[in-house]
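Novice: What follows is a predicted structure for the sequence shown.
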Amino acid sequence: MSWNIWRISNKQEKMDINPEKQIYFLSDFHLGAPNHAQSLIREKKLVAFLDAIKDKAAEIFIVGDIFDFWFEYKTVVPKGFTRLFGKLAELSDSGIPIHVFVGNHDMWMRGYFKEEFNIPVYFEPEIIEREGKRFFIGHGDGLGPGDHGFKFIKKIFRSPICQWLFGNLLHPNWAIGLANYFSRKSREKTGEADANFLGEENEWMIIFSKDYLKKDKVDYFIFGHRHYPIKLPLEGGSYYLNLGDWIRNFTYASFDGHSLNLHKWE
């Protein structure tokens, strides 16, 4: 068993939910892309969804890639996203626990969400337990076999040295502009690939989930990263679930204390 799996398995969190409420999961908003106008439309739709569930939510899990790019300087954060920030602050202040997992596009988070919204940020997958069900939650990037180039780059980008160099040697106008340029180029290269299901034998996060079940029991694996919504049964009554995105699909999952299901926000 790898160190990460050992750490995950021993850091699980338990909490029972109000039977009249639900836990919500959503991911991959990529706000800021491809431009301000189109991003703003999606942001308003996302805020409308959060407003619609505020009286029904026991908890909210945002599972990575809120932004297409994000970097927190010591005293500066990127402008924009004020509607989302205002709604997150409102929900958190009302007592709804919100959890944010970093994705591969917004891994450079620091203390802003915790300090401003009282929202914890997770940099690795976590196991939680609700109503006797165990949930393995994470963005999903870098899990499973293959993709060694990305895993190497991720280690470099996640290093404190890399973050210090980026934050201190480049002016924000240049740094954020450069990052957005490479993000666009990456999206042009991959095209619609993230939205296409490659089959169980080729999806690295499904392979990871199946391997993990050989070591530990999990009822639901919940991931983002791959932009297709799917709920796939695994052995032993477990399920793999990908949340889709808020670019094309506008999908989310909810857990009512008994089962976890995917939905589309119309």
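Specialist: Done, it's in.

Novice: contacts and neighbour counts: CA atoms only from here.
Specialist: OK.

Novice: Tell me which other helices or strands the top strand by length along the chain touches.
Specialist: What stands out as the longest strand in the chain, according to DSSP state E, is strand 57-63. Applying 3 or more Cα pairs under 8 Å, 6 or more residues apart in numbering; DSSP states H and E, we find strand 57-63 packed against strand 22-26, strand 98-101.

Novice: who's in contact with Pro145?
Specialist: Trp204, Ile207, Phe208 (Cα atoms under 8 Å, 6 or more residues apart in numbering).

Novice: So the last one, which state does it fall into?
Specialist: Right, Phe208. Three-state call for Phe208 (DSSP: H, G, I helix; E, B strand; the rest coil): helix.

Novice: Please report how far it lies from Asn261.
Specialist: 21 Å (Cα to Cα, to the nearest Å).

Novice: Please enumerate the helices of this structure.
Specialist: 3-9, 36-53, 82-93, 112-117, 148-158, 160-169, 172-190, 204-213 (DSSP state H).

Novice: Okay, buried residues for stretch 110-119 please.
Specialist: Tyr112, Phe113, Phe117, Asn118, Ile119 (16 or more other Cα atoms under 10 Å).

Novice: And the pLDDT for the first one?
Specialist: Per-residue confidence at Tyr112 stands at 90 (pLDDT).

Novice: surely it meets Trp70?
Specialist: No - contact criterion Cα atoms under 8 Å: Tyr112 and Trp70 do not qualify, at 11.3 Å.

Novice: By mean pLDDT, point me to the weakest helix or strand of this protein.
Specialist: Every helix and strand in the chain was compared by mean pLDDT, DSSP states H and E; the lowest is helix 3-9, with a mean of 39.

Novice: how many neighbours does Asn82 have?
Specialist: Careful, residue 82 is Thr; it's not Asn. Neighbour count of Thr82, defined by other Cα atoms under 10 Å: 10.

Novice: now it: how far from Ile230?
Specialist: According to Cα to Cα, Thr82 stands 31 Å off from Ile230.

Novice: Could you do Lys215 as well?
Specialist: Distance, Lys215 to Ile230, by Cα to Cα: 24 Å.

Novice: More neighbours: those two, which one.
Specialist: Shown here are Lys215 and Ile230; by other Cα under 10 Å, Ile230 has more neighbours (17 against 10).

Novice: Which strand residues bridge the more buried one?
Specialist: Note on Ile230: beta-bridge partners by DSSP bridges are Asn242.

Novice: Per-residue confidence, it, what does it come out as?
Specialist: At Ile230, the model reports a pLDDT of 95.

Novice: now do His105
Specialist: 74.

Novice: Kindly state the neighbouring-residue count (a burial measure) for it.
Specialist: Neighbour tally, His105, other Cα under 10 Å: 19.

Novice: That one contacts Phe71, correct?
Specialist: No - here His105 does not reach Phe71: they are 9.8 Å apart, not a contact under Cα under 8 Å.

Novice: about what we covered before: and the helices of the chain, which one is worst for confidence?
Specialist: Looking at these, the weakest mean confidence is helix 3-9, a mean of 39.
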